[in-house]
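Trainee: what follows is a predicted structure for the sequence shown.
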Amino acid sequence: MAAEIHSRPQSSRPILLNKIEGHQDTVNAAVIILREDGVVTISEDRTIRVWLKRDSGQYWPSIFHTVSAPCSAISYNSDSKRIFIGQDNGAIVEFLVAEDFNKMTYVKTYPAHQNRVSAIVFSPETEWIISTGHDKYLSWICTRSGCLQGRHCFSAWASCLQYDVETQHAFVGDYSGQITLLKLEQNTCSIISTLKGHEGSIGALWWDPIHRLLFSGASDHSVIMWDIGGRKGRTLLLQGHHDKVQALYYVQLTRQLISCAADGGIVVWNMDVQREEAPQWQESDSCQNCNQPFFWNLKQMWDTKSLGLRQHHCRKCGKAICGKCSCKRSTYPIMGFEFQVRVCDDCFTTIKDEDRTSLATFHEGKHSIAHMHLDITRGLMVTCGSDRIVKIWDMTPVIGCSLATGFSSH
Ligand SMILES: [Zn+2]
Ligand SMILES: [Zn+2]
C-alpha cells in the first residue's frame, strides 16, 4: 500500500540568512526591496531605515531618517520607489527613495487619521493611498491633490487592510474581530458584506485576487480562509498557532499559506488539498448523545431527577455533547485542527490514523513576529517585531523549488 504523503518533510525549514539589529524600539514593519539586497524598516523609535547588504554579507543602513512620531505602517512601491509611512499621530508621510538607495526626499504629508495609522495600501492606478487607523476610520486620499476622497467609520479600531485594485474593493479587519468588505468609489463607499468568525481582533489579512480568497488571522490564534470567489460563504478554519496571528502570505503557485504569530511560530499550510469546513455548533438542552440535560434545562432535570451537565461541542460534527460522551481528543487536520480537540465518541471511532496526518509544517522564528514580508521571486522572507530584531529568511526549502522557474519573468 502506497502511503500518501501530505506534508513536506519536517527537515525542510526556513533558513535564517541575516539578522538586523540596532533599533531602539519595536520594529513595526520590514519590507524587502525587490531586485535589490535591501530592506526598509520602520519602528516605534521614530526611524525609517533602508538597509543594504554589503560585501561583508551584513546589512548596513544606507538611509537613517527620523520623523516626529512613531512609525506604525508602511507601503513601499518598488517600481516608483515611493514610500508611504503611517505614523502614530495619524499622519501619512510620503518620501521618494533615490535610485542608489542612499537618500530619500520628503514629498508630502497627508492628514489621513486622528490616531495611529494601522495599515496603508498605495494604489498607483488610482493614485490613492488607502489607510486604516485607530480613529476607527478607513480613509482614501488622492496623492495628486493631497485631498481626502472619502472615509468610513467602523465601530472599533480598524487594524488591517487589503485592497483589490481591479474592482476597488477594500477588506478591513477591526478590533471587534469583524471583517468588512467595502466597495470604494470616488467620494463614497458602500458596504458589501461583513465577515464574522473570529473571536478576537483581526491581526492580519491577505487577499489573493487570482483565486479570490481572503485569509484572516486574529488574536484568537486562528486563521480563517474565506472563499469570496465561491460566493457560497465557504470558510475554512485553520488552528495551529499558540498566540496572536499577526502576519499572512499566500503563495499562489504552490497554494501554501504562511502565517506568523506573536510567539514566533511560523506555520506553512498546505492549501492544495481538499479541506473540510468545520461544522456550526448545534444548540441543545440536553446531550445529543446520552440525552442527559444540560444545567440550564431545569425542567428536564426536575422530571428525570438528574443533575445538569456542562455543555461541550464536538469539533468534528458540531453536536452539543456532555463531557462524558466527549472525553476523547484528536487532531483533525482536514478541518484545520492541527492540535488535539474535543470530539464525541462516535466521531472518534470514525477518525482513521491517516486522517491525523498533518497538513501543515511548523517552524520557530525564535522572535516575536509583528510583521512579515515575502519576496516570492527569491523566496526571501523578512520578519520583525517587539524584540527590535529583523530576521531575513530563505524560505525556498519550505515553499517549494518551483519558484525560480514560475516567477522568473517578474
Ligand atoms: Zn452525554
Ligand atoms: Zn462528533
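Mentor: Received it, and whenever you're ready, just let me know what you need. Ligands and ions are numbered 1, 2, ... in the order given.
Trainee: tell me the SS of Gln300?
Mentor: helix (DSSP: H, G, I helix; E, B strand; the rest coil).
Trainee: number the residues from 9 up from this point.
Mentor: Sounds good: first residue 9 from here, last item Gln308.
Trainee: test my guess that it contacts Ser292.
Mentor: No - Gln308 is beyond contact range of Ser292, at 11.0 Å (criterion: Cβ atoms under 8 Å). Yep, even glycine has a C-beta here, placed from its N, CA and C like the rest.
Trainee: quick one: the strands in the stretch 309-418 of the chain?
Mentor: Using DSSP state E, counting those that start in this stretch, the strands of the stretch 309-418 of the chain run over residues 320-321, 328-329, 336-340, 345-351, 368-372, 379-383, 388-392, 398-402.
Trainee: put the alpha carbons of stretch 106-122 into CSV.
Mentor: Extracted as CSV, the C-alpha positions of stretch 106-122 are listed here (Å, rounded to 0.1, in the frame of the first residue of the first chain):
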residue,chain,number,x,y,z
ALA,A,106,16.9,57.7,-4.7
GLU,A,107,18.0,55.3,-7.3
ASP,A,108,21.1,54.3,-5.3
PHE,A,109,19.1,53.9,-2.1
ASN,A,110,21.4,56.4,-0.3
LYS,A,111,18.9,59.1,0.4
MET,A,112,15.2,59.8,0.3
THR,A,113,13.4,63.1,-0.3
TYR,A,114,10.3,64.3,1.6
VAL,A,115,7.3,64.7,-0.8
LYS,A,116,4.1,65.3,1.2
THR,A,117,2.2,64.8,4.4
TYR,A,118,-1.3,63.5,4.3
PRO,A,119,-3.6,64.1,7.3
ALA,A,120,-5.2,60.7,7.0
HIS,A,121,-6.2,59.9,10.6
GLN,A,122,-6.7,61.4,14.0
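Trainee: show me where the stretch 209-358 of the chain dips below the pLDDT cut-off.
Mentor: For the stretch 209-358 of the chain, no stretch has pLDDT under 70.
Trainee: roughly how far apart are Asp53 and Leu25?
Mentor: The gap separating Asp53 from Leu25 is 24 Å, by Cβ to Cβ, to the nearest Å.
Trainee: can you check His121 too?
Mentor: From His121 to Leu25 the distance is 35 Å (Cβ to Cβ).
Trainee: those residues of the protein touching ligand 2, which are they?
Mentor: Proximity of the chain to ligand 2, by Cβ under 5 Å from the ion, involves residues 322, 324-325, 352, 355.
Trainee: quick one: which two of those residues are the most distant?
Mentor: Distance extremes for those: the farthest pair is Lys324 and Cys352 at 7.5 Å, using Cβ to Cβ.
Trainee: where in the stretch 59-208 of the chain is pLDDT low?
Mentor: For the stretch 59-208 of the chain, no range has pLDDT under 70.
Trainee: pick out the residue of it closest to ligand 1.
Mentor: Proximity of the stretch 59-208 of the chain to ligand 1 (Cβ to the ion) peaks at Glu207, 25.4 Å away.
Trainee: spatially nearest residue to Thr113, not counting backbone neighbours?
Mentor: Ranked by Cβ to Cβ, 6 or more residues apart in numbering and with sequence neighbours excluded, the top spatial neighbour of Thr113 is Leu104, at 4.9 Å.
Trainee: who does the helix or strand containing that neighbour touch, helix- and strand-wise?
Mentor: Per DSSP states H and E: Leu104 is located in strand 99-105. In terms of contacts (3 or more Cβ pairs under 8 Å, 6 or more residues apart in numbering; DSSP states H and E), strand 99-105 is packed against strand 90-95, strand 112-119, strand 125-131, strand 136-141.
Trainee: all helices of the protein, in order?
Mentor: For the chain, the helices defined by DSSP state H occupy 306-312, 353-358, 411-414.
Trainee: stretch 24-41: end-to-end distance?
Mentor: Terminal residues of stretch 24-41 are spaced 18 Å apart (Cα to Cα, to the nearest Å).
Trainee: identify each buried residue in it, please.
Mentor: Within stretch 24-41, the residues that count as buried by 16 or more other Cβ atoms under 10 Å are 26, 28, 30-31, 34-41.
Trainee: then stretch 137-146?
Mentor: Applying a neighbour-count criterion of 16+ other Cβ under 10 Å, one finds 137-146 buried in stretch 137-146.
Trainee: and what of stretch 185-199?
Mentor: 185-190, 192, 197.
Trainee: again, but for stretch 371-390
Mentor: The neighbour-count check on stretch 371-390 (16+ other Cβ under 10 Å) flags 371, 373, 375-390 as buried.
Trainee: cool, and stretch 54-66?
Mentor: For stretch 54-66, the neighbour count (16+ other Cβ under 10 Å) marks 54-61 as buried.
Trainee: count of residues packed around Arg159?
Mentor: For Arg159, the neighbour count with other Cβ atoms under 10 Å is 19.
Trainee: what about it, distance to Ser139?
Mentor: 9 Å.
Trainee: before we move on, what about Ile40?
Mentor: Distance of Ile40 to Ser139, computed by Cβ to Cβ: 21 Å.
Trainee: Glu44 now?
Mentor: For Glu44 relative to Ser139 (Cβ to Cβ), the value is 26 Å.
Trainee: what do you get for Ser376?
Mentor: Relative to Ser139, Ser376 is positioned 24 Å away (Cβ to Cβ).
Trainee: what's the answer for Thr202, then?
Mentor: Counting by Cβ to Cβ, the gap from Thr202 to Ser139 is 20 Å.
Trainee: cool, and Ser76?
Mentor: 18 Å.
Trainee: what of Phe223?
Mentor: Distance from Phe223 to Ser139, by Cβ to Cβ: 20 Å.
Trainee: again, but for Ser294
Mentor: Distance of Ser294 to Ser139, given as Cβ to Cβ: 51 Å.
Trainee: isn't Asp251 right up against Gly273?
Mentor: Yes - contact status for Asp251 versus Gly273: in contact at 6.5 Å, counting by Cβ under 8 Å.
Trainee: look at the two and report which has more neighbours.
Mentor: The neighbour comparison of Asp251 against Gly273 (other Cβ under 10 Å) goes to Gly273, with 20 against 16.
Trainee: quick one, what contacts the closest residue to the more buried one other than its chain neighbours?
Mentor: Using Cβ to Cβ, 6+ apart and skipping the chain neighbours, the partner closest in space to Gly273 is His249 (5.3 Å). For His249, the contact set (Cβ atoms under 8 Å, 6 or more residues apart in numbering) comprises 225, 229-231, 267, 269, 271, 273, 275.
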